[in-house]
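>>> this is the structure alone, sequence omitted:
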């Protein structure tokens, strides 16, 4: 047991880094799941999409920030397609995501030129390596600072966005689409726009993650949605009674807690390969208690 | 002037459950008229409202507003000039959003939904002024979630929200049916006031014969996709509850019930 604690503590900085990076995806999934009430499985495809795009661009010597922007745009395009499939072709939400996720698998392979692994060489310029910003930051905490900055930036942008006229409409469409129609707005377009933003963030997350670990793995998308969703639900449930904490903050904290649990499980001797199973079980546990809680609330209402 | 010309609507065409609701339905409603519509279940009242709002398309025929054909116009575009209140009080507001946020949404209806602040702080007082006449105390709970309001409060809020921005038509789809008698009366009073003050053209579907007779300037009774009673002005004044009940009974007897 002390061994496990020791290795957990030793892994804490990297746990924090990972948690912050995954928080980007958690915020994206927060939009689809919490605000739009849309179970978006595109995430399993758009997450590695961001990674594939950013890895190949960085390897080709493209500016790492530009690579992130392009990766985000690709994710947004994926979200747009999912939205169009759902709204215009009237395919069910879950299926629209599965269709895109499946299609993106092949697309991602095309982007990497057919290899399921891409490693970014040590010499390549990434967001976290070989650039002037990194060398100006204190040794050892560069990744932490950059990731924290990114998360904070995105969080603030999202918080502001949700307060705009558009943001109110976005929240309304997930709550009660009839109201949006009554406001003379096409509810389908609002849903599509939400999917675009969400998948942009998910791809950004994949892009940042690949630059940080200098590795793209085609299978990184498997379970990405469940992971992000677990983070969101953990965050929301931890602060169920605290209404003044913003959903974005809850998602970020949820991602950190999730990653801490993950690293604790590893420290306790589980293999990384077991983790998807752990995630699935954890997710099921959270979801079932959560749903039971919800039903109970409805009964009382 | 609202005109429905030769509307035809068949449900489940080509199946054993085929139902010809409207074969050749015609109705015209002059600007500013308040029409009460009654009729038994399945008589076509709700379908009429749905056709008008664009929730369902007609098979043929035309819908005109001031001579302009809107038959092909999508629902959300029509609702620019139409306010619609549904039977279920939960339909008109967003449960997870506060009264302030809900009213802000409505306030933004004619504006472009851009990245300007969604809630105009200056509007808070204006919103409270809109809520005060209801006498429900809503003006003092602006930050309360709409979901925690009672059915009557929610319906009143929905009503205020839908007439806050300029509209021409008010569509009331059994909007008091889910409320208790006292709240129903309150909502009906509010309806009357709003329709008069804003000079709206209103269509109210109701199962409450008393309301249908007491309110509005025209009474329509529908049966199997047709209009069996159409009384306006003085003619409507002379209609009493018993007359309508008799007509209902007569129709039932014809049907063999």
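Thanks, I have the structure now. Here the structure is a predicted model, which is why all the values come from computation and not from measurement.
>>> burial count for residue B:200?
Applying other CB atoms under 10 Å in any protein chain shown, we find 23 residues neighbouring residue B:200. Where C-beta positions appear, they are placed from N, C-alpha and C, glycine not excepted.
>>> tell me where the chain has helices.
All of this is about chain A. For chain A, the helices defined by DSSP state H occupy A:2-10, A:12-29, A:43-59, A:64-87, A:93-111, A:132-136, A:142-162, A:165-175, A:177-182, A:187-213, A:224-238, A:247-267, A:275-300.
>>> think we crossed wires, I meant chain B
Going by DSSP H, chain B shows helices at B:45-53, B:75-78, B:99-107, B:123-131, B:151-162, B:181-197, B:209-214, B:233-237, B:241-254.
>>> do you know which of those helices lies nearest residue A:257?
helix B:99-107 (29.0 Å; CB to CB).
>>> what helices or strands is the closest one leaning on?
Applying 3 or more CB pairs under 8 Å, 6 or more residues apart in numbering or on different chains; DSSP states H and E, we find helix B:99-107 packed against helix A:165-175, helix B:123-131, helix B:151-162.
>>> got the angle for the last one vs helix B:181-197?
Spelled out, it's helix B:151-162. Angle, helix B:151-162 to helix B:181-197, by axes from the mean of the first three to the mean of the last three CA atoms, to 10 degrees: 10 degrees.
>>> buried residues in helix B:151-162?
Going by neighbour count (16 or more other CB atoms under 10 Å in any protein chain shown), the buried part of helix B:151-162 is B:152, B:153, B:154, B:155, B:156, B:157, B:158, B:159, B:160, B:161, B:162.
>>> my guess is the fifth one contacts residue B:189, does it?
No - with contact taken as CB atoms under 8 Å, residue B:156 and residue B:189 are classed as non-touching, separated by 10.6 Å.
>>> picking up where we left off before, dump the helices and strands packed on helix B:99-107 into a markdown table; add distance to residue A:234 and mean pLDDT as well.
Output for these, formatted as a markdown table (distance: least, CB to CB, whole Å; pLDDT from 0 to 100):
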| stretch | distance to residue A:234 | mean pLDDT |
| --- | --- | --- |
| helix A:165-175 | 20 | 96 |
| helix B:123-131 | 35 | 93 |
| helix B:151-162 | 32 | 94 |
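>>> got JSON lines for these, with distance to residue A:182 too?
As requested, the helices and strands packed on helix B:99-107 are exported to JSON lines (distance: least, CB to CB, whole Å):
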{"stretch": "helix A:165-175", "distance to residue A:182": "10"}
{"stretch": "helix B:123-131", "distance to residue A:182": "17"}
{"stretch": "helix B:151-162", "distance to residue A:182": "7"}
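>>> quick one: closest of these to residue B:115.
Nearest to residue B:115, of those and by CB to CB, is helix A:165-175 at 6.1 Å.
>>> and residue B:256, what's its pLDDT?
Note on residue B:256: pLDDT of 60.
>>> contacting residues for residue 59?
As the question left the chain open, I've gone with chain A. Residue A:59 makes contacts with A:118, A:120, A:121, A:124, as judged by CB atoms under 8 Å, 6 or more residues apart in numbering or on different chains.
>>> chain B was what I was after
Counted by CB under 8 Å, 6+ apart, residue B:59 has contacts B:8, B:9, B:10, B:13.
>>> for ChimeraX, what selects the buried ones among these?
Those of the contacts of residue B:59 that count as buried under 16+ other CB under 10 Å are selected in ChimeraX with:
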select /B:9
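>>> using a markdown table, lay out the contacts of residue B:59 together with distance to chain A and pLDDT.
Compiled in a markdown table, those are given as follows (distance: CB to the nearest CB, whole Å; pLDDT from 0 to 100):
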| residue | distance to chain A | pLDDT |
| --- | --- | --- |
| B:8 | 25 | 94 |
| B:9 | 20 | 94 |
| B:10 | 22 | 93 |
| B:13 | 20 | 89 |
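>>> between the contacts of residue B:59, which is nearest residue A:217?
Taking CB to CB as the measure, residue B:13 is the one of those closest to residue A:217, at 53.5 Å.
>>> leaving out the residues flanking it, which one is nearest to that closest one?
residue B:59 (7.8 Å; CB to CB, 6 or more residues apart in numbering or on different chains).
>>> that older thread, now, the most widely separated pair of the contacts of residue B:59?
Going by CB to CB, the pair spanning the contacts of residue B:59 furthest: B:8 and B:13, at 10.7 Å.
>>> can you get me a residue count around residue A:93?
Neighbours of residue A:93 using other CB under 10 Å come to 21.
>>> run through chain A and note the low-pLDDT ranges.
Along chain A, the parts satisfying pLDDT under 70 run over A:1, A:290-301.
>>> near chain B, which residues of it?
Chain A has residues A:161, A:163-169, A:171-172, A:175-176, A:178-187 near chain B, with proximity defined as CB under 8 Å from any CB of the partner chain.
>>> residue B:7 contacts residue B:63, doesn't it?
Yes - counting by CB under 8 Å, residue B:7 does reach residue B:63; the two are 7.4 Å apart.
>>> what do those two both touch?
Counting by CB under 8 Å, 6+ apart, the common neighbours of residue B:7 and residue B:63 are residue B:51.
>>> higher neighbour count, those two?
With neighbours defined as other CB under 10 Å, residue B:7 and residue B:63 compare such that residue B:7 has more, 25 against 22.
>>> and that one, what is it in contact with?
Contacts of residue B:7 (CB under 8 Å, 6+ apart): B:22, B:24, B:25, B:26, B:51, B:58, B:60, B:61, B:62, B:63.
>>> ok, the third one touching residue B:43?
No - contact between residue B:25 and residue B:43 fails when scored by CB under 8 Å: they sit 11.7 Å apart.
>>> hey, what's in contact with both of those two?
Residues touching both residue B:25 and residue B:43 (CB under 8 Å, 6+ apart): residue B:225.
>>> can you get me a residue count around residue A:157?
Based on other CB under 10 Å, the number of other residues close to residue A:157 is 14.
>>> residue A:4 and residue A:258, how far apart?
Residue A:4 sits 18 Å away from residue A:258, going by CB to CB, to the nearest Å.
>>> look at those two and report which has more neighbours.
When neighbours are counted by other CB under 10 Å, residue A:4 and residue A:258 differ, and residue A:258 comes out ahead with 26 against 14.
>>> if we ignore the residues flanking it in sequence, what's nearest that one?
residue A:231 (4.5 Å).
>>> and for residue A:74?
Residue A:74 sits nearest to residue A:53 (CB to CB, 6+ apart), 5.0 Å away.
>>> show me the contacts for that neighbour.
Here residue A:53 is in contact with A:67, A:70, A:71, A:74, A:111, A:203, A:207 (criterion: CB under 8 Å, 6+ apart).
>>> and residue A:267, how far from residue A:244?
For residue A:267 relative to residue A:244 (CB to CB), the value is 34 Å.
>>> who has more neighbours, these two?
The residue with more neighbours, out of residue A:267 and residue A:244, is residue A:267; 19 against 6, by other CB under 10 Å.
>>> list the contacts for the more buried one?
Counted by CB under 8 Å, 6+ apart, residue A:267 has contacts A:4, A:5, A:7, A:8, A:11.
>>> mind pulling up the phi and psi values for the last one?
Torsion angles at residue A:11 (phi, psi; degrees, to the nearest 10) stand at phi -80, psi 0.
>>> tell me which helix or strand of chain B sits lowest on mean pLDDT?
Least confident helix or strand of chain B, by mean pLDDT, DSSP states H and E, is helix B:241-254 with a mean of 82.
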